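J.: sequence first, then the predicted structure:
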Amino acid sequence: MFAPPHPSTLLSRPGPLPALEPLRGRTVVVKFGGHAMTDGTLLRSFAEDVVRLRQTGVRAVVVHGGGPQISAQLDRLGVPAQFLGGQRVTTPETLDVVRMVLAGKVQRELVRLLNEHGPYAVGLTGEDAHTLTAVRRYAEVGGELMDIGLVGDVTEVNTAALDVLLDHGHVPVVSPLGRGTDGEVYNVNADAAAGALAAALRAEVLVVLTDVPGVYADWPRRERVLDRLTASELELVLPSLGGGMVPKMESCLRAVRAGVRTARVLDGRAPHALLRALTGAPGEAGAGTAVLPG
Ligand SMILES: Nc1ncnc2c1ncn2[C@@H]1O[C@H](COP(=O)(O)OP(=O)(O)O)[C@@H](O)[C@H]1O
Ligand SMILES: CC(=O)N[C@@H](CCC(=O)OP(=O)(O)O)C(=O)O
């Protein structure tokens, strides 16, 4: 069986990485979930991988989450965190904290780590330059539509600012917030933001880094991970998925249906998980679940 190259081999020489050559000039959207941001070492290893993509001429876009980090901050402020249908109930007060944590803390930390390697990263939120336009979404609970506040669905993506940054060799780091045409700012699920961006940018690959090795076939049993699914197979599997996996797989489906060649969901808590995923083949250790056209 193929053994993925050890990260130290991947990173022993600085500069372009030959194994990434097929992606040169292509766009790769990486969603880094809050549950995968376990410690500083891991954030550093993630930043190294993204820089490696950039150094190989890959147009890399990072979309970050931060759900657990938002909940921790709300807890510190004594504001209860509440989710309905997998989305955070977002009052105006909660939105302030969401914006503060996403754009002021998580995004800043990623930008700082990426820029330790060179003048690469530029942070922005979906509000900037109308990158993400959103409309209020309601949660469906037991067949009923519930008001969950300032939570949005992405209806439009304007890639103009991202294109300029990518054309100049920058790595955009995008916080999942959206601008409403009604003058509101909306809290957008980070998986949904990443899927919409991957689709609009016609990315080659969407990588979703989370805290499970991929999609478990018999959830909630954690025995067998699916190594690949076509978009049509995924449509059949979607109703069996739970919790946080639903928006991830909906986003992968949206991206692949829009022309993205591969969407992958994998465990981002292993060092250099991103490079391993992009340089290995489906089914290999650490490669996660691949969603393919068809
Ligand atoms: N079929 C499934 N396979 C794997 N994980 C699943 C499945 N269904 C639900 N999950 C849950 O989805 C979680 C990942 O989503 P989430 O907690 O939102 O992470 P993130 O912060 O990375 O977005 C997993 O930890 C797991 O509990
Ligand atoms: C509407 C909604 O739920 N938004 C999310 C945005 C952050 C996110 O999605 O972060 P993860 O990827 O780490 O889960 C939230 O407020 O938690």
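T.: Great, that's in hand. Ligands and ions are numbered 1, 2, ... in the order given.
J.: OK, contacts around whichever residue of the stretch 101-250 of the chain sits closest to ligand 2?
T.: Nearest residue of the stretch 101-250 of the chain to ligand 2 (Cβ to the nearest ligand atom) works out as residue 190 at 3.4 Å. Yep, even glycine has a C-beta here, placed from its N, CA and C like the rest. The contact partners of residue 190, by Cβ atoms under 8 Å, 6 or more residues apart in numbering, come to 31, 33-34, 63-67, 176.
J.: give the ChimeraX command for selecting the buried subset of the residues you listed.
T.: Command for ChimeraX that selects the buried part of the contacts of residue 190, burial taken from 16 or more other Cβ atoms under 10 Å:
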select :31,33,34,63,64,65,66,67,176
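J.: measure the residue of the stretch 101-250 of the chain closest to ligand 2 to ligand 1 for me?
T.: 6 Å (Cβ to the nearest ligand atom, to the nearest Å).
J.: name the nearest residue to the residue in the stretch 1-150 of the chain positioned nearest to ligand 2, ignoring sequence neighbours.
T.: Here the residue of the stretch 1-150 of the chain nearest ligand 2 is residue 65; by Cβ to the nearest ligand atom that distance is 2.2 Å. Distance criterion Cβ to Cβ, 6 or more residues apart in numbering; nearest residue to residue 65, sequence neighbours excluded, is residue 190 at 3.7 Å.
J.: do residue 139 as well
T.: With Cβ to Cβ, 6+ apart, the residue lying closest to residue 139 is residue 85, at 3.3 Å.
J.: show me where the stretch 101-250 of the chain has its strands.
T.: Listed in chain order, the strands of the stretch 101-250 of the chain (DSSP state E, counting those that start in this stretch) span 121-125, 132-141, 144-157, 171-175, 177-180, 185-187, 205-210, 228-230.
J.: briefly note if the fifth one comes near ligand 2.
T.: Spelled out, that is strand 177-180. No. When contact is scored as Cβ under 6 Å from any ligand atom, no part of strand 177-180 falls within range of ligand 2; the minimum is 8.5 Å.
J.: and this protein, which residues reach ligand 1?
T.: So the chain meets ligand 1 at 33-36, 65, 67, 210-212, 215-216, 219, 241-245 (Cβ under 6 Å from any ligand atom).
J.: pretty sure the residue of the stretch 1-150 of the chain closest to ligand 2 sits against residue 32.
T.: Yes. Taking Cβ atoms under 8 Å as the definition, residue 65 is a contact partner of residue 32 at 6.7 Å.
J.: sorry, back to before: could I get the pLDDT score of the residue of the stretch 101-250 of the chain closest to ligand 2?
T.: Confidence at residue 190, expressed as pLDDT, is 98.
J.: which SS class is the residue positioned nearest the centre of the chain?
T.: By Cα atoms, centre = their mean, the chain has its centre lying nearest to residue 31, at 1.6 Å. State at residue 31, reduced to three classes by DSSP: H, G, I helix; E, B strand; the rest coil: strand.
J.: residues contacting the residue lying closest to it once chain neighbours are set aside?
T.: Once flanking residues are discounted, residue 31 sits nearest to residue 194: 3.6 Å by Cβ to Cβ, 6+ apart. Residue 194 makes contact with 29-31, 63, 176, 206, 208, 251, according to Cβ under 8 Å, 6+ apart.
J.: most widely separated two among those residues?
T.: Within the contacts of residue 194, 176 and 206 form the most distant pair, 14.3 Å apart (Cβ to Cβ).
J.: need the contacts of residue 194 in JSON lines (columns: pLDDT).
T.: Converted to JSON lines, those look like this (pLDDT from 0 to 100):
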{"residue": "29", "pLDDT": "98"}
{"residue": "30", "pLDDT": "98"}
{"residue": "31", "pLDDT": "98"}
{"residue": "63", "pLDDT": "98"}
{"residue": "176", "pLDDT": "98"}
{"residue": "206", "pLDDT": "98"}
{"residue": "208", "pLDDT": "98"}
{"residue": "251", "pLDDT": "97"}
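J.: filter the residues you listed down to the ones near ligand 2?
T.: residue 176.
J.: what is the nearest of the contacts of residue 194 to residue 42?
T.: residue 30 (13.9 Å).
J.: the closest one contacts residue 64, doesn't it?
T.: No. Using Cβ under 8 Å, residue 30 makes no contact with residue 64, being 9.0 Å away.
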